[in-house]
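*Asks:* when you get a sec, could you give me coordinates for this:
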Amino acid sequence: MDEDLRERLRTAAASHRPDRARMLARIERGMAEEPPARPARAPRTPMPWLRVVGATAAVCGVLTAGAFAVTSAGREEPAGGQRVAAGPASPAPTTPSTARGAALPAGDGPLWSDGSLNPNSNSYWAQSEVTVKTTQPLSELTVELRIALNGGVNTTGSWRSLPQEDFVASAREEDGFLVYRWTLKPGRSVPTGTHSFAGQYNHAEGARDTGRDDYTAQARAAGGTTSVGGGFTDTH
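*Replies:* As a prediction, the model looks like this:
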């Protein structure tokens, strides 16, 4: 390279001045620009064995909850966590019906009677019934029902189909019997028809012998006094 060329190059280099403002502007623009966004990744699908485990756990949870609900519904505990065995309760008074174990009916003049054991009687409780039928009005009437005191007999009540206020009623133990007695009050009368008197009582569990039980009915009608009576032949 000749000396003339070298001199020109040095002169040109000495005369060159870089444009600092333009360079800074380019740098600022580059820093202000955001990098291109990365493409979003697709959600990862759970592995098949994880789905199976999750479904199995859900089914087990449902079965466990169902079993607990069934067990709870089928059991009831009283307060305090103790089970109480319910004993036999005395049934409510029952109306006369076609009774079993009836003795042969008894009749005398206008008066007729029958003794029977109510079919609702059971191994702990019984109702003995006396049915009185009259073809004439009665100005006097006394009905007596006697239940032998065998097998833990004790009274639970009595009733009659005629008005309560027309009778004096009692129940007491006399000479080995539980005696129910209904006596018509003075000035009252018993109309023509069929009327019932019943005594109720508890007794020891099991069959009770009614062979010694009996009843009587004494009355006064227009033709004079009359009396009937009988027993209870059923053993239940």
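*Asks:* all contacts plus neighbour counts: C-alpha atoms, from now on.
*Replies:* Fine.
*Asks:* hey, where'd the helices end up in this structure?
*Replies:* Remark: helices assigned in the chain by DSSP state H are 3-15, 20-32, 48-73.
*Asks:* confidence-wise, which of the ones you listed is weakest overall?
*Replies:* Lowest mean pLDDT within the helices of the chain: helix 48-73, at a mean of 39.
*Asks:* what stretches of this protein score poorly on pLDDT?
*Replies:* 1-2, 12-105, 233-236 (pLDDT under 70).
*Asks:* hmm, 90 instead?
*Replies:* Counting by pLDDT under 90, the chain contains low-confidence ranges at 1-109, 151, 223, 232-236.
*Asks:* for residue 136, what are its contacts?
*Replies:* Listed by CA atoms under 8 Å, 6 or more residues apart in numbering, the contact set of residue 136 reads 110, 191, 192, 221, 222.
*Asks:* 10 Å - rerun?
*Replies:* Residues in contact with residue 136 (CA atoms under 10 Å, 6 or more residues apart in numbering) are 109, 110, 111, 190, 191, 192, 193, 220, 221, 222, 223.
*Asks:* pull out the buried residues from those residues.
*Replies:* The neighbour count (16 or more other CA atoms under 10 Å) marks 110, 111, 190, 220, 221 as buried among the contacts of residue 136.
*Asks:* now do the contacts for the first one.
*Replies:* With CA under 10 Å, 6+ apart as the criterion, the residues that contact residue 110 are 133-138, 192, 219-223, 225-227.
*Asks:* now for the contacts of residue 136: which two are most distant?
*Replies:* 193 and 223 (17.0 Å; CA to CA).
*Asks:* returning to what we had before: just put the buried ones among the contacts of residue 136 in CSV and tack on distance to residue 149.
*Replies:* What follows is the buried ones among the contacts of residue 136, written out as CSV (distance: CA to CA, whole Å):
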residue, distance to residue 149
110, 33
111, 29
190, 31
220, 31
221, 34
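*Asks:* sort out for me which of those residues are in strands.
*Replies:* Those of the buried ones among the contacts of residue 136 mapping onto strands are 111, 220, 221, per DSSP state E.
*Asks:* for my notes, please list these in a markdown table and give distance to residue 198 for each entry.
*Replies:* Listed next are those as a markdown table, based on distance: CA to CA, whole Å:
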| residue | distance to residue 198 |
| --- | --- |
| 111 | 18 |
| 220 | 21 |
| 221 | 23 |
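*Asks:* give the contact list for the closest residue to residue 132 other than its chain neighbours.
*Replies:* Leaving out its chain neighbours, the residue that sits closest to residue 132 by CA to CA, 6 or more residues apart in numbering is residue 113, at 4.5 Å. Residue 113 makes contact with 103-107, 130-134, 194-196, 215-217, 227-230 under the criterion CA under 10 Å, 6+ apart.
*Asks:* so which of those residues sit within strands?
*Replies:* Using DSSP E, the contacts of residue 113 in strands are 106-107, 130-134, 194-196, 215-217, 227-230.
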